[in-house]
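K.L.:
need a structure here:
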Amino acid sequence: MTNLNAPIVIDISQESMIRSIDNSLSCYPYYLARLPHAEIHEDDDLLWIDSGVPIYFFNGVFRSTIAAGHARQRIDAIIQSFRAAKQSFIWQIGPTSQPSDLPQHLLAAGFQHDESEPGMALDLYHFQAEDVQPSAGIVVRQVVSEDMLKDWVNVWAFGASDHIPLLQQMYAQLGYQDSSYRYYVSYLEGQPVATVMLFLAAGVAAVHHVVTLPEARNRGIGTAVTAHALAEAKREGYRIAILTASEDGFNIYRKLGFQVYSTIHKYVYHV
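P.N.:
Predicted coordinates:
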């Protein structure tokens with residue numbers, strides 16, 4: 001079962017890093033469960049959520065420990081539930097997911113491969129935020145007001161402008177005053193240009209939603225906002241930080257000290 005409020009993980013062995021990545025990512029539905037219409041289900045073998053938000057990657061299965069021989073039966077049951085809700089969704093798979101041939105079962109059931117990203121982890125004990133020097137004019141701030149939250153959403157969702165009104169409503173409902181998740185915005189000469197979210201769960205610090213506007217890239221801004229969030233996690237005593245890396249962000253995270261420990265796959269079912 002997923003332990004959302006697990007003690008801070010101090011074991012930095014390879015096995016622990018792999019497990020920490022999966023455990024943290026599988027906690028993400030609990031963050032979304034704060035939405036007013038969300039329905040979260042924690043079964044013995046699956047953790048899944050219908051968030052009530054009609055965007056597929058906010059809905060789906062985030063932990064799988066299905067017994068051998070039962071994969072197709074469980075997959076079909078989940079598909080039926082999301083079909084009834086008329087909601088497309090994802091199925092996330094990491095190295096601790098079971099059974100080992102789950103991807104083949106998903107494809108056979110009509111899923112499509114959505115993305116595969118490296119699961120990365122960092123020992124914060126060796127992380128020094130002062131080694132990251134942001135560009136002149138950059139200020140990183142934690143979101144502490146509704147206006148700042150709007151800035152965060154506008155930057156994070158800049159490539160999906162049609163969804164911004166819905167996302168503004170969603171993030172307003174989630175709020176910004178919960179201790180387990182924080183949003184940070186980089187401002188360049190007063191204008192919001194980059195974002196990051198820090199999610200503290202399963203005993204580790206997860207970095208999500210690192211985005212820099214195209215016109216502000218290649219200036220160290222994304223690195224600066226990420227380093228700021230990592231420094232906050234370190235100050236609170238966290239030993240391990242985790243993330244999944246996009247192709248654009250991979251080199252940034254390597255420079256910060258993150259190492260690859262696994263691959264996280266996502267499959268999508270379109271209803």
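
K.L.:
Can you point out the buried residues in stretch 237-251?
P.N.:
Counting neighbours by 16 or more other C-beta atoms under 10 Å, one finds that the buried residues in stretch 237-251 are 238-245, 249. C-betas here are computed from N, CA, C, even on glycine.

K.L.:
So which of those are in strands?
P.N.:
If you go by DSSP state E, the buried residues of stretch 237-251 have 240-244 in strands.

K.L.:
and of these, the nearest to residue 217?
P.N.:
residue 243 (18.3 Å; C-beta to C-beta).

K.L.:
Identify the residues contacting the closest one.
P.N.:
119-120, 206-208, 210, 253, 258 (C-beta atoms under 8 Å, 6 or more residues apart in numbering).

K.L.:
Residue 199 too?
P.N.:
Taking C-beta under 8 Å, 6+ apart as the test, what residue 199 contacts is 24, 27-28, 31, 180-181, 205-208.

K.L.:
which residues in the chain form helices?
P.N.:
14-26, 28-32, 71-85, 102-108, 146-156, 164-174, 221-235, 250-256 (DSSP state H).

K.L.:
of all these, which lies closest to residue 94?
P.N.:
Per C-beta to C-beta, nearest to residue 94 of the helices of the chain: helix 14-26, 4.1 Å.

K.L.:
The helices of the chain: which one's closest to residue 135?
P.N.:
Judging the helices of the chain by C-beta to C-beta, what sits closest to residue 135 is helix 221-235, at 6.4 Å.

K.L.:
list the buried ones in that closest one?
P.N.:
Buried residues in helix 221-235 (16+ other C-beta under 10 Å): 221-234.

K.L.:
do stretch 133-147 as well
P.N.:
134, 138, 140-141, 143.

K.L.:
ok, now stretch 84-100?
P.N.:
Result for stretch 84-100 [16+ other C-beta under 10 Å]: buried residues 87-94, 97, 99.

K.L.:
now the end-to-end length of that stretch.
P.N.:
28 Å (C-alpha to C-alpha, to the nearest Å).

K.L.:
and what of stretch 187-194?
P.N.:
7 Å.

K.L.:
which residues are contacting that stretch?
P.N.:
Against stretch 187-194 from outside (C-beta under 8 Å, 6+ apart): 135, 137-141, 151-152, 154-155, 185-186, 210-213, 215-216, 221-222, 224-225.
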